[in-house]
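> Turn this into a model:
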Amino acid sequence: MGNSEMLEQLRAVNASAAFNRWAGFEVTEAEPGRVCLRLEWREDLGQYSGHLHAALVAGLVDTACGFAAFTQVGVVAASNCAVNFVSPGIGTAFVATARSVKAGRKQVFVTAEVHAERECESVLVAFGTTLLVPLALRHREPQATSGNEDELSRGVRTLQLGVSECHVR
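Numbering: from 1, shown residues only. Down below sits the predicted model:
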């Protein structure tokens with residue numbers, strides 16, 4: 001699968017997540033083991049001091065890491081996510097870049113950085129690591145498909161049915 005096809009598939013996954021739509025996460029780049037997300041600043045995303053809320057910074061780290069892992073092993077679930085905040089979330093937009101460190105059969109280690117775009121400069125806001133577990137898809141009943149449904153589409157459809165439909169390998 002080419003990078004442009006991977007990007008379009010991740011955009012479809014992103015659009016299927018209500019939180020991501022509400023927040024305004026946009027998938028801007030994707031290649032095997034690497035994904036970039038962008039979030040435009042909106043006042044309603046701020047905390048009491050007017051900075052981007054830490055929950056949204058953590059959401060960017062978690063989502064970018066999950067998508068980067070997905071490009072290598074398919075559907076995943078986070079088992080641990082740690083975020084370190086190094087400067088206030090002040091900017092016109094925020095960019096999260098995640099890179100897979102090691103993708104194995106049972107776990108995937110991914111790191112991410114979130115930068116704020118400020119007056120022609122990029123400032124590190126946070127960095128984090130996420131440990132993800134590849135999921136094996138299991139359906140309660142067979143689903144009719146068009147015959148050309150790819151793994152991503154099956155995974156998205158299954159995730160929409162709920163995590164109870166999946167089990168850890």
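> quick one: the residue nearest to the spatial centre of the chain from G46, how far?
By CA atoms, centre = their mean, the chain has its centre lying nearest to T63, at 2.2 Å. Separation of T63 from G46 (CB to CB, to the nearest Å) stands at 19 Å. For every residue, glycine as well, the C-beta is placed using N, CA and C.
> Also A69?
Taking CB to CB, one finds A69 at 29 Å from G46.
> And these two? Which one has more around it.
Set A69 next to G46 and count neighbours by other CB atoms under 10 Å: A69 wins out with 28 against 15.
> Wait, that one touches A77, no?
No - the pair A69 / A77 is not scored as a contact, 9.7 Å apart, by CB atoms under 8 Å.
> Between those two, which contacts overlap?
Jointly contacting A69 and A77 under the rule CB atoms under 8 Å, 6 or more residues apart in numbering are L132.
> Quick check: buried residues in stretch 125-136?
125-135 (16 or more other CB atoms under 10 Å).
> Make CSV from those and add distance to V57 and secondary structure to it.
As requested, these are exported to CSV (distance: CB to CB, whole Å; DSSP: H, G, I helix; E, B strand; the rest coil):
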residue, distance to V57, secondary structure
V125, 6, strand
A126, 5, strand
F127, 10, strand
G128, 9, strand
T129, 14, strand
T130, 13, strand
L131, 18, strand
L132, 18, strand
V133, 23, strand
P134, 26, strand
L135, 25, strand
